[in-house]
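Undergrad: curious how this folds, go ahead:
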Amino acid sequence: RHLKWVNHPHALHLAERKAVQLSLAQRMSFTVPDTLISNDHTKVTEFYNRNGGRVVAKPLSHGAYGDFEEYGIFANDLSSVQRVLEKSEIEICPFIIQRKVDKKYDVRLNLFGSIIFAHRIIPGNSDPDTLDWRTLDPHQISYERIEPPLRIIDSVQRFTKDLGLVFGAFDFAVDHEDQWYFIEVNPSGQFAWLELATGDRLIDSLIDTLQCVK
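TA: This is a model prediction of the structure:
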C-alpha cells in the first residue's frame, strides 16, 4: 500500500540536522549569518573577536543538560556575556556560533507543498532585538501576514525539494536593510497556533497537501 508522508521519515531525519540546513541554505542562495561550527577554543575565540563579541550560540540539536530534566534548544546571546567562554566550556561538544543579526523583525514562514504563509513576529515587549521569540510568553506575541520576496519563495521551494520535504517551518531574521537571513527550518514544526491567532487557514493547507502528496 502506498503511504502519504508529511514529511517522509528519511527526509525528516536528514532535514533536522542543522549543519546540513546551513550548508544547503548557502547553496540555495539564502543569506546566512557568518557561522562557525566547532568546539575548538582557538577558532571559537577568533570568531568571537572577529565579530566584536556580537555573536549567538546554539546547539547542533536539542538535548538534556544539567540534571537531565532541562533541555537546551534556544539561541543564547553571547554579546551580553561579560567574558569569553572558558576553554573547558567550549570543548564539551561542538556547537553553532553565529554573528548576531541586527534585525528589524523575525519571520516564521510555513510551506505546505506549494502554499506559503509568512508571518511577521511582533513581540509584546515591542523589542525587535529579542533574540529568540520562542522564549517569550505566547500570549504577549502578535502576528502580521506578510508577502516574502520572490527570491525567498524561490529559495524555499528549491530548498524543500532538495531535501524531499513537503512541509517546513522556516525562521528568518530581517535586518534594517530588509535583508532576509536564513536561521533554520523545522521540518516538523508546530503551526496551528498561528491559525488560532490570525485566522489563516494553515490546517486546511496541510489537508490539501496530504491529498496531493504522491
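
Undergrad: quick check: residue 200 is in a strand.
TA: No: counting by DSSP: H, G, I helix; E, B strand; the rest coil, residue 200 falls outside a strand, being coil.

Undergrad: next, count neighbours for it.
TA: By the criterion of other C-beta atoms under 10 Å, residue 200 has 17 neighbours. In this view, the C-beta of every residue, glycine as well, is placed from N, C-alpha and C.

Undergrad: got a pLDDT number for it?
TA: pLDDT recorded at residue 200 is 94.

Undergrad: excluding its backbone neighbours, what's nearest it?
TA: In space, and not counting its chain neighbours, residue 200 is closest to residue 117: 5.7 Å by C-beta to C-beta, 6 or more residues apart in numbering.

Undergrad: again, but for residue 15
TA: residue 187 (4.1 Å).

Undergrad: just to revisit the earlier point, which residues are in contact with the residue nearest to residue 200?
TA: 109-110, 145, 191, 194, 200, 202, 205 (C-beta atoms under 8 Å, 6 or more residues apart in numbering).

Undergrad: just the buried subset of these, please.
TA: Among those, those classed as buried by 16 or more other C-beta atoms under 10 Å are 109-110, 191, 194, 200, 202, 205.

Undergrad: quick revisit: look up how far residue 10 lies from the residue nearest to residue 15.
TA: Using C-beta to C-beta, to the nearest Å, residue 187 is found at 11 Å from residue 10.

Undergrad: before we move on, what about residue 169?
TA: Noted for residue 169: a distance of 19 Å to residue 10, by C-beta to C-beta.

Undergrad: between these two, who's got more neighbours?
TA: residue 169 (18 against 10).

Undergrad: pretty sure the more buried one is touching residue 193, no?
TA: No: counting by C-beta atoms under 8 Å, residue 169 stays clear of residue 193, with 11.3 Å between them.

Undergrad: now name the helix or strand holding the spatially most central residue of the chain.
TA: Note on the chain: the residue nearest the mean C-alpha position is residue 184, at 2.7 Å, using C-alpha atoms, centre = their mean. Taking DSSP states H and E as the criterion, residue 184 maps to strand 180-186.

Undergrad: would you mind checking the average pLDDT for that strand?
TA: Strand 180-186 comes out at a mean pLDDT of 96.

Undergrad: now swap in stretch 21-34 and tell me
TA: The average pLDDT within stretch 21-34 is 96.

Undergrad: list the buried residues for that stretch?
TA: 21-22, 24-25, 28, 30-33.

Undergrad: now do stretch 178-190
TA: Here stretch 178-190 shows 180-187 as buried, counting by 16+ other C-beta under 10 Å.

Undergrad: out of all of them, which helix in the chain is the longest?
TA: Looking across the chain with DSSP state H, the single longest helix is helix 150-163.

Undergrad: packing partners for that helix?
TA: The contact analysis (3 or more C-beta pairs under 8 Å, 6 or more residues apart in numbering; DSSP states H and E) places helix 150-163 against helix 9-15, helix 18-27, strand 103-112, strand 167-175.
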